[in-house]
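Visitor: Sequence first, then the predicted structure:
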Amino acid sequence: MSRFATLNSNTDFRRAYGRGKAYTNPALVTYVVKNRAGICRIGITTSKKIGNAVQRNRARRVIRAAYLSLGELQGSYDIVFVARTKTVFKKSTEIGAVMRNQLTSAGIIRDA
């Protein structure tokens, strides 16, 4: 499993929520904002509305697996994925298709 850079500080998440462009879907919300780090960094959030700890951890695992299946991304962006209640019931391939569609709309993934 390859490693990826993550968002850790609250200020990074707040900057993505405030200045970032949001792409919504019933299963996933994605916030995208440019950064100066030179690499793509991701953050995953799940609220208590999702369910208990087991369901929240499953949602994070599914989002992480979908992100890793995308491959290398172009540019340097901070990307925040917000799980929704339907995320828990989806597989990583379904979330990956939603994620690919959202990141293509954001211009991070180029159409092949």
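Guide: Thanks, I have it. Numbering: from 1, shown residues only.

Visitor: show me where pLDDT drops low in this structure?
Guide: Within the chain, the stretches with pLDDT under 70 are 1-3, 111-112.

Visitor: Tell me which stretches of it form strands.
Guide: For the chain, the strands defined by DSSP state E cover 5-6, 21-24, 28-34, 41-45, 77-83.

Visitor: With distance to R110 and mean neighbour count added, can I get those in CSV?
Guide: Any C-beta I mention is one placed from the backbone N, CA and C, and that applies to glycine too. What follows is these, written out as CSV (distance: least, CB to CB, whole Å; neighbours: other CB atoms under 10 Å):
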stretch, distance to R110, mean neighbour count
strand 5-6, 21, 13
strand 21-24, 16, 14
strand 28-34, 15, 20
strand 41-45, 19, 18
strand 77-83, 14, 23
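
Visitor: can you list those strands in a markdown table and add distance to K90?
Guide: Listed next are the strands of the chain as a markdown table, based on distance: least, CB to CB, whole Å:
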| stretch | distance to K90 |
| --- | --- |
| strand 5-6 | 22 |
| strand 21-24 | 15 |
| strand 28-34 | 9 |
| strand 41-45 | 14 |
| strand 77-83 | 10 |
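
Visitor: Among those, single out whichever gets nearest to A53.
Guide: Distance to A53, taken as CB to CB, is lowest for strand 77-83 among the strands of the chain, at 13.1 Å.

Visitor: tell me the angle that closest one makes with strand 41-45.
Guide: 20 degrees (axes from the mean of the first three to the mean of the last three CA atoms, to 10 degrees).

Visitor: Report all helices and strands that strand 77-83 contacts.
Guide: With contacts taken as 3 or more CB pairs under 8 Å, 6 or more residues apart in numbering; DSSP states H and E, strand 77-83 sits against helix 10-19, strand 28-34, strand 41-45, helix 53-70, helix 92-106.
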